[in-house]
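Participant: from the sequence below, what's the structure:
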Amino acid sequence: MRLITIACLLLLSACTSLPNGIEPVKGFELPRYLGTWYEIARLDHSFERGLNQVTATYSMRNDGGVKVVNRGFSVAEQAWDEAEGKAYFVDSPDIGHLKVSFFGPFYGAYVVYELDNQDYQYAFITSYNREYLWFLSRTPTVDDALKQQFIEQAKKLGFATEQIIWVAQS
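Facilitator: Below is the predicted model of the structure:
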């Protein structure tokens with residue numbers, strides 16, 4: 001429930017625009033993106049604070065949008081926390097720029113700015129500003145070279161890399 005409440009507050013003030021200097025991937029293929037992703041790293045937010053084993057699962061909605069289910073384990077509460085939302089493309093479905101909502105008509109940007117175009121095994125995501133950053137993978141662990149690529153690219157783009165949290169997935 002905490003995820004839903006905090007995500008709602010975030011989205012009340014969020015917008016769907018792109019952050020300055022960050023472009024979404026082109027050639028995005030939604031069918032290949034659907035399924036479960038593991039959160040490898042993130043910038044800390046109150047709506048995910050204290051959560052481990054975080055996953056994001058994407059599936060099609062009947063209205064053509066994307067069903068989003070974010071799930072994580074709260075260490076403090078010793079319980080699973082889950083939030084369900086919906087997402088739609090902002091522009092064209094071949095551009096990795098979506099708007100996501102966990103509460104009514106309020107949407108925030110979901111910008112896939114780096115993606116393993118060959119196999120769809122990892123993705124780097126931000127929102128409408130540089131306070132939001134996620135590293136997702138199809139596997140719960142990734143090699144050190146990919147972690148370093150994420151850090152270096154995030155630093156070049158102006159993210160606060162010293163505040164990145166590596167998510168425990170076990």
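Participant: helix/strand/coil for Leu146?
Facilitator: Here Leu146 is recorded as helix under DSSP: H, G, I helix; E, B strand; the rest coil.
Participant: how many neighbours does it have?
Facilitator: Leu146: 16 surrounding residues under other Cβ atoms under 10 Å. For the C-beta atoms, the positions are set from N, CA and C on the backbone; glycine is no exception.
Participant: if I look at it, how far off is Glu29?
Facilitator: Note on Leu146: its distance to Glu29, by Cβ to Cβ, to the nearest Å, is 21 Å.
Participant: now the terminal residues of stretch 131-148, how far apart.
Facilitator: Stretch 131-148 has an end-to-end distance of 20 Å (criterion: Cα to Cα, to the nearest Å).
Participant: now swap in stretch 90-105 and tell me
Facilitator: In stretch 90-105, first residue to last residue: 14 Å (Cα to Cα).
Participant: stretch 29-46 now?
Facilitator: Stretch 29-46 end-to-end distance (Cα to Cα) = 31 Å.
Participant: now that stretch: mean pLDDT?
Facilitator: Across stretch 29-46, pLDDT averages out at 97.
Participant: list the buried ones in it?
Facilitator: Within stretch 29-46, the residues that count as buried by 16 or more other Cβ atoms under 10 Å are 33, 37-43, 45.
Participant: so what touches it?
Facilitator: Applying Cβ atoms under 8 Å, 6 or more residues apart in numbering, the external contacts of stretch 29-46 come out as 6, 10, 48, 54-60, 66, 72, 93-94, 112, 120, 122-123, 131-142, 147, 150, 159-160, 163-167, 169.
Participant: buried ones among those residues?
Facilitator: Buried among those by 16+ other Cβ under 10 Å: 6, 10, 48, 54-56, 58, 66, 72, 112, 120, 122-123, 132-137, 142, 147, 150, 159, 164, 167, 169.
Participant: spell out the secondary structure type for Gln149.
Facilitator: The three-state assignment at Gln149 reads helix, by three-state DSSP.
Participant: need the pLDDT of it.
Facilitator: Listed pLDDT for Gln149 reads 98.
Participant: how about the one 3 residues further on?
Facilitator: The predicted structure scores Glu152 at 98 on the pLDDT scale.
Participant: quote the end-to-end distance of stretch 48-65.
Facilitator: First-to-last distance for stretch 48-65 - Cα to Cα - comes to 24 Å.
Participant: which residues in this protein form strands?
Facilitator: Taking DSSP state E, the strands of the chain run over residues 35-43, 51-60, 66-74, 79-89, 97-103, 106-115, 122-126, 133-137, 164-166.
Participant: now do the first one: distance to the chain's middle.
Facilitator: Once both centres are worked out by Cα atoms, centre = their mean, to the nearest Å, strand 35-43 turns out to sit 7 Å from its chain's centre.
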